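Asker: Give me coordinates for this.
(chains A and B)
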Amino acid sequence: MLVDLSHFLSVLSTTLFLLTSTLVLVLDCEKKHSSILIKRAFSHAFILLFFSFAIYVYLAATDDFSVVYISQHSNSMLPIFYKVTSIWSAHEGSMFLWILFLSAWGFVFNLNKDSNLKIKNFAIGIVSIIIVGFQLFLLITSNPFETNLPFSPINGADINPVLQDPALAIHPPFLYMGYVGFVIPFAYGLAFLLNGNAGINWEKVVRSWSVSAWIFLTIGICLGSWWAYYELGWGGYWFWDPVENVALMPWLAATAFVHSLSVASKSKSLRIWTLLLSIIVFSLSLFGAFIVRSGIIDSIHSFANDPQRGMYLLIFIGIILFSSLWLFTSRFDLLTSKTKIKSFSKESFISLNNIFFGVLIFATMMGITYPLIYELAYDQKISVGAPFYNAIYAPVAVLASIILIISIESKWGRSFKKIQKFNQLNLSLALSLVAAISLYFYANNGSAIIYMSAFVGFLLLIRYLILLVFNTFQKKHINIPSMLAHMGLGMLILSVSANSIFSSERVFNMYPNDIKTYRNISISFNDLQLINNSNHDSIRAVFKVVDSNGKSSLLYPEKRKYFVRGQITSETAIKVTPLKDIYITIGDQLDNKSWVVNVQLNYFIRYVWLSAIMMALSGLIIVISSYRSKP
Amino acid sequence: MKQHRKKRLINILLISLLSGSGVLMVLYALNTNLDYFYTPSEIISEKLPSNKRIKVGGMVREGSVTRNGEDISFVITDYEESISVQYKGIVPDLFKEGSGVVALGYMENNSLKAEKVLAKHDENYMPPALNK
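Answerer: Model (predicted):
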């Protein structure tokens, strides 16, 4: 039986990972031959796990419904792509993938040469023991290899239709790669503390690892946002759902972390804080896994409830967190540096913005946990929604961006130079102010904080554009990744503000052949079609949409009924134009044969995702250039 | 030396002030932006201020859904008390009579004017309050 082989390989690899960490413990890690032994043990453990997963993929692709998990989440009628992606559509399989990625990061790190054998081997030991902990969790509480022989079903129960989507198929892998990638800085930071030689620049070693994980996390979150927009039919890009928030927290912490890493490796200040951040980032990633998999929070994303799993994860994550914090508190004085941060230097501004990142993480954490605490204390269910997060995120983003703008002028290790002959900052301020005020007079709705956000959005974009133009002319150095990422931030803030100013929606009651006009856009309901597909039937409405500039296009929103689960889903139809999306969903048919039709105009929404792509691209440039500069 | 300590003190004060005001801001925003979750029985028995945004969870009563153009009204029940709900717009695909629903909005003349209607993305979903 192939599934037994897969199961066996998985168990075997767990023992090998355990052996690796034991080797690290008993061998003299400074010796070359012990280092080779550790390296081999870890590599072989990973290869075994990889083959275990590969066999599992094969089983899913070939419809082996004797495996309980596959029979519950796949179906022979599915396209092969979704047969494979169904593996990570629920708890057991996605945990399997999560662990595979965790060990894959370790594997690549393990292959890399490192000048300090001792620290590297310690780090490998720490990664191994974490893998063992999660492997035991998988095998004991959520075994994906369980079989239902001899009574295996003829066909599977199918994957949830809303998950049969290309963006959602690749969203979890990216997200998981991001989460678990932070195991490298985490393990390396702890290994550095264990080793106890403050002279080693561990921050420099982990920088490109951390940025790589950050790129995956950024893209993973962006894909999730994009999917939710077109699939759920609510027309938004972010819902402040607890499970979105547990992805956002490690992202914020990781963003603060990669900034602090450059401060720490360049100026030897902020070193204690940076090490603490490496622990915080990884802990927040694990916290995400706990929230999603314990069923403690009620969310559309959460997997089925199982107290045993929650308990195991809570204890294991608790052990990781407390032992790493204990090590940190007993050794951090090692990093006390003589160099003090100068006021108005680049590092002083980054430190300041670290506080803002902290406030956002704290707020998000409170938003997730406060309802739980409140219910325990007062026996009253509450929830925290968008108004809370908007009240925190908007002002903090404005303040942090202003600090960022000021810091562009600043230098590493020394205070501001006095104002230059031609002040680029004043020019950017003036232009952004004009832009924000014209925006206000053009749109004439929305609150003050939205226009303040729009102003700093403009400011960031314009400031960097001016910098780009002047520095190109004067042949001065431009920090391309920094510029790209921060323009991405400006774009994000601006598009989020403009989206909330201009977007609107309206619900119509339409008969076929009706024509309605909404904000100078004419919408005609031309036809209804019945379509039969391999695993679902659908009713497809045909709408002709004529934009205010006279351009017309056809849109096809659908109602689908999937055979296996009998589930009904709606498919939105979207016309993308440079400034806005015309977004149509159909609701139910009423008794009088008319249809409920929802029309949304979502402005600048594409730029929200574009800004995430800009940030990811900036990270990519950093990783590639650091790889090239290596001897 | 004195100068150096003074500067350090200022730095610590500045950091605590910033973090402290951040924490206060978060707590204040939490208290003013909570959505309280009620079952229909709790709404009937407690007097609620109409300016408070609330969530009502329960089951959609059989035969209670009426539509008029884009307007829809229905009754949420916990099998003891019921609350009628008015909503304008498209209800989720999984919204149907006899299944679980959560509506978010303001109370007005003993009925809920909903801004949002949610049905869980799971066929077997029961609102947690009913599951006790």
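Asker: Let me know the secondary structure of B:Gly58.
Answerer: Classification of B:Gly58 using DSSP: H, G, I helix; E, B strand; the rest coil returns strand.
Asker: what's the burial count for it?
Answerer: The number of residues packed near B:Gly58 is 27, by other C-beta atoms under 10 Å in any protein chain shown. Just so you know, the C-beta spots here come from the backbone N, C-alpha and C atoms, and that holds for glycine as well.
Asker: Thought B:Ile76 was touching it, still the case?
Answerer: Yes - assessed by C-beta atoms under 8 Å, B:Gly58 is found in contact with B:Ile76 at 4.2 Å.
Asker: where in the chain is pLDDT low?
Answerer: By default, I'm working from chain A. Scanning chain A for pLDDT under 70 picks out A:295, A:297-306, A:338, A:417-422, A:630-631.
Asker: ah, no, chain B please
Answerer: For chain B, applying pLDDT under 70 flags the ranges B:1-2, B:47, B:49-50, B:120-132.
Asker: if we go to 80?
Answerer: Applying pLDDT under 80 to chain B picks out residues B:1-5, B:7-8, B:46-51, B:69, B:93-94, B:119-132.
Asker: For the longest helix belonging to chain A, which residues meet the burial criterion?
Answerer: Longest helix in chain A by number of residues (criterion: DSSP state H): helix A:346-378. Within helix A:346-378, the residues scored as buried using 16 or more other C-beta atoms under 10 Å in any protein chain shown are A:346-371, A:374.
Asker: care to break the chain down by domain?
Answerer: Picking chain A for this. For chain A, the structural domains run A:2-328+A:347-365, A:504-606, going by automatic domain parsing.
Asker: nope, chain B please
Answerer: B:1-33, B:36-130.
Asker: can you pull out the strands in the stretch 451-600 of chain A?
Answerer: With strands called from DSSP state E, counting those that start in this stretch, the stretch 451-600 of chain A shows them at A:504-510, A:515-518, A:521-532, A:536-546, A:552-555, A:558-562, A:568-571, A:573-576, A:580-589, A:595-603.
Asker: Those residues of chain B touching chain A, which are they?
Answerer: Proximity of chain B to chain A, by C-beta under 8 Å from any C-beta of the partner chain, involves residues B:4, B:7-8, B:15, B:18-19, B:22-23, B:25-27, B:29-30, B:32-38, B:55, B:67, B:69-70, B:88-91, B:93-94, B:104, B:120-121, B:123, B:128-129.
Asker: Any of those residues buried? List them.
Answerer: Applying 16+ other C-beta under 10 Å to the residues of chain B next to chain A flags B:18, B:22, B:25-26, B:29-30, B:33-38, B:55, B:67, B:70, B:89-91, B:93-94, B:104, B:120-121, B:129 as buried.
Asker: So which of those residues sit within helices?
Answerer: Among those, the ones falling in helices (DSSP H) are B:18, B:22, B:25-26, B:29-30.
Asker: Now compare those and name the two farthest from each other.
Answerer: Comparing all pairs in those by C-beta to C-beta, the longest separation belongs to B:Leu18 and B:Leu30, at 18.9 Å.
Asker: follow-up on the earlier one: figure out which of the domains of chain B is closest to A:Gly587.
Answerer: domain B:36-130 (3.5 Å).
Asker: ranking the domains of chain B by burial, who's on top?
Answerer: Of all the domains of chain B, domain B:36-130 carries the top mean neighbour count, a mean of 17, counting by mean count of other C-beta atoms under 10 Å in any protein chain shown.
Asker: Can you tell me the closest non-neighbouring residue to A:Arg519?
Answerer: Closest residue to A:Arg519 apart from its sequence neighbours, by C-beta to C-beta, 6 or more residues apart in numbering or on different chains: A:Leu601 at 6.3 Å.
Asker: And for A:Ser283?
Answerer: Per C-beta to C-beta, 6+ apart, closest to A:Ser283 is A:Leu321, 5.1 Å.
Asker: Kindly provide the distance from the one you found to chain B.
Answerer: Distance of A:Leu321 to chain B, given as C-beta to the nearest C-beta, to the nearest Å: 21 Å.
Asker: show me what contacts that residue?
Answerer: A:279, A:283, A:286 (C-beta atoms under 8 Å, 6 or more residues apart in numbering or on different chains).
Asker: Can you show me the CA trace of the one helix or strand the second one maps to as CSV?
Answerer: So the one you mean is A:Ser283. Using DSSP states H and E, A:Ser283 falls within helix A:271-294. Extracted in CSV, the C-alpha atoms of helix A:271-294 (Å, rounded to 0.1, in the frame of the first residue of the first chain):
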residue,chain,number,x,y,z
ARG,A,271,20.5,44.6,18.6
ILE,A,272,18.6,43.5,21.7
TRP,A,273,15.3,44.7,20.2
THR,A,274,16.1,43.0,16.9
LEU,A,275,16.7,39.6,18.6
LEU,A,276,13.5,40.0,20.5
LEU,A,277,11.7,40.8,17.3
SER,A,278,13.0,37.6,15.7
ILE,A,279,11.3,35.7,18.5
ILE,A,280,8.1,37.7,18.2
VAL,A,281,7.8,37.2,14.5
PHE,A,282,8.1,33.5,14.7
SER,A,283,5.8,33.3,17.7
LEU,A,284,3.2,35.3,15.9
SER,A,285,3.4,32.9,12.9
LEU,A,286,2.9,30.0,15.3
PHE,A,287,0.1,31.8,17.0
GLY,A,288,-1.6,32.1,13.6
ALA,A,289,-1.4,28.3,13.2
PHE,A,290,-2.9,27.9,16.7
ILE,A,291,-5.8,30.3,16.1
VAL,A,292,-6.8,28.7,12.7
ARG,A,293,-6.4,25.1,13.9
SER,A,294,-7.7,25.1,17.4
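Asker: B:Ser52 against B:Tyr106, yeah?
Answerer: Not quite, residue B:52 is Lys, not Ser. Yes - B:Lys52 is within contact range of B:Tyr106, at 7.4 Å (criterion: C-beta under 8 Å).
Asker: Give me the distance between the nearest residue to A:Ser410 once chain neighbours are set aside and chain B.
Answerer: Spatial nearest neighbour of A:Ser410, excluding adjacent residues (C-beta to C-beta, 6+ apart): A:Lys346 at 4.6 Å. If you measure A:Lys346 against chain B using C-beta to the nearest C-beta, the figure is 16 Å.
Asker: I figured A:Lys346 hits A:Glu409, correct?
Answerer: No - no contact is recorded between A:Lys346 and A:Glu409 when judged using C-beta under 8 Å, the distance being 9.3 Å.
Asker: circling back: what is in contact with B:Gly58 and B:Ile76 at once?
Answerer: B:40, B:82-83, B:101.
Asker: Check these and tell me the two furthest apart.
Answerer: The span of the shared contacts of B:Gly58 and B:Ile76, defined through C-beta to C-beta, is set by B:Ser82 and B:Val101 at 12.5 Å.
Asker: Now the common contact residues for these two.
Answerer: Overlap of the contact sets of B:Ser82 and B:Val101 (by C-beta under 8 Å, 6+ apart) consists of B:58, B:76.
Asker: Many thanks, I have nothing further to ask.
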